[in-house]
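> Below are the sequence and a predicted model; questions follow.
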Amino acid sequence: MWSWLQFDSLKHHQVFYNYGHRFAYLRHVIIDSQNAFEKHGGEPVEDVLDQERKSELLDLPSGFFSLACEDMPVSHFSGSYLDTWMNVTVSETRTKNKTEVDDVVSGYTLALQRYKYTSLLNTMATVYNAFLTTLVLNVTPPINILIMDGHPYNVMNELWSNVFGKVVRAGHLSGKIKFENMIWNIPEEKSLMLQPAKGSMPFADEFRQFIFSAYGVSSERNVMCGKLSLLFVWRRDYITHARNSKGNVSRKIVNEKELLSAVQKTFPSFDVSGYQMDTFSMKTQLKLVAQTDVLMGMAGSGLTHALFLPQNGAVVEVKSGSLNPTISQFEAMARWRDLKYGSVSIEAQEQDHYVYVPPKDMIDVVKRVVSNMC
């Protein structure tokens, strides 16, 4: 078990537990949403183009959370948004209505705030954080999800409902609501998944199975070296959030067809394909990756699917220009999953958001990882 889970939780009157300053468990907490903020969040992105990011953040008033205790716990969370939530939490004795609530939510509710909500990498990091909290607390879905931000709808939203359960937005709450059991999730930026220098990602294989089980996708695949499945993940323009109304995406590969054809001709017995994955449902994406042996593409969020490759799979990452960290996020994922890894480094800078990838360079790296696999 990794170090922060060895810490004793900081307990306050059996209603508030701080786990290693990473996340919290609250019992019988009341949310007072009356006049807290305008109802918003979850709109089609086309309806809110060019809105400022600050308008998607909830400005929580003091007393938004209240606990059934005589005094407030003294607790901190290393400078994350959980500290902000802590600052607007009051003890129930400081409120006038101790028991008058409009609704009671039983079971467990996991509250979270998203930052890079359109990114598969950051979304999976937040889902992984939630997965870890359920392991610590020995809680299994269905779990209610309370989204504490006002971001518009994105295809990533379906992950929360499919993996955990009912999703409610704080911006849509009304009145005073009592939650029997609430978890404040590990913040996105604190995720171990976003720390490539770490030697391991705890429970990586269990997390893979957790996601596959939630979507009813089989995780079984027998690698046949004479007929491997190779998948290019293409980066293409699409509207990701309200401040990208033109949908411009950087680091696109200008010669997709040339690359695809070259790899197909080099490996005629292999199944070689390429897709813009973000146009598919998450279930379709997972099905594709579950039957993929070698995942290839430009450095970017799509390569997060390395988390879901079969055992003994491989990742080939294209690194462009200044995007060449000492340890890439996806190289780390390959290491954490015990996958083979190769990279193609492109020194030329982008031109109009496009990069040319020499087919020979790609083929050389694919040959190497395939040789290591088989």
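Yep, that arrived. Keep in mind that what you see is a predicted model, and the values were worked out from it rather than measured.
> Report the residue ranges of every domain in the chain.
Described in terms of automatic domain parsing, the domain architecture of the chain consists of the residue ranges 3-193, 203-373.
> Residue 206 belongs to a strand?
No - applying DSSP: H, G, I helix; E, B strand; the rest coil, one finds residue 206 to be helix, outside a strand.
> And it, what's its pLDDT?
pLDDT, residue 206: 96.
> again, but for residue 37
According to the model's per-residue confidence, residue 37 sits at a pLDDT of 65.
> try residue 71
Note on residue 71: pLDDT of 79.
> With adjacent residues omitted, what lies nearest to it?
For residue 71, ignoring the flanking residues on the chain, the nearest one in space by C-beta to C-beta, 6 or more residues apart in numbering is residue 91 at 5.8 Å. Where C-beta positions appear, they are placed from N, C-alpha and C, glycine not excepted.
> Report the beta-bridge partner residues of the one you found.
Residue 91 has the following beta-bridge partners by DSSP bridges: residue 67.
> Against residue 15, how distant is it?
Note on residue 91: its distance to residue 15, by C-beta to C-beta, to the nearest Å, is 9 Å.
> Mind putting the domains of the chain into JSON lines with mean neighbour count?
Written out in JSON lines, the entries for the domains of the chain read as follows (neighbours: other C-beta atoms under 10 Å):
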{"stretch": "domain 3-193", "mean neighbour count": "18"}
{"stretch": "domain 203-373", "mean neighbour count": "18"}
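> Go through the ones you listed and find the least confident stretch.
Across the domains of the chain, domain 3-193 gives the lowest mean pLDDT, at a mean of 88.
> now that domain: how far from the chain's centre is it?
Taking C-alpha atoms, centre = their mean, to the nearest Å, the mean C-alpha location of domain 3-193 is offset from the chain mean by 16 Å.
> still on that earlier bit, find the residues that touch each one of residue 91 and residue 15.
In the contact map built from C-beta atoms under 8 Å, 6 or more residues apart in numbering, the residues linked to both residue 91 and residue 15 are 67, 69.
> what's the nearest residue to residue 46 once chain neighbours are set aside in contact with, if anything?
Distances taken as C-beta to C-beta, 6+ apart place residue 239 nearest to residue 46, at 7.4 Å, with adjacent residues excluded. The contact partners of residue 239, by C-beta under 8 Å, 6+ apart, come to 45, 46, 49, 245, 246, 247.
> now those in JSON lines, with distance to residue 110 and secondary structure?
Compiled in JSON lines, the contacts of residue 239 are given as follows (distance: C-beta to C-beta, whole Å; DSSP: H, G, I helix; E, B strand; the rest coil):
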{"residue": "45", "distance to residue 110": "24", "secondary structure": "helix"}
{"residue": "46", "distance to residue 110": "29", "secondary structure": "helix"}
{"residue": "49", "distance to residue 110": "30", "secondary structure": "coil"}
{"residue": "245", "distance to residue 110": "32", "secondary structure": "coil"}
{"residue": "246", "distance to residue 110": "35", "secondary structure": "coil"}
{"residue": "247", "distance to residue 110": "31", "secondary structure": "coil"}
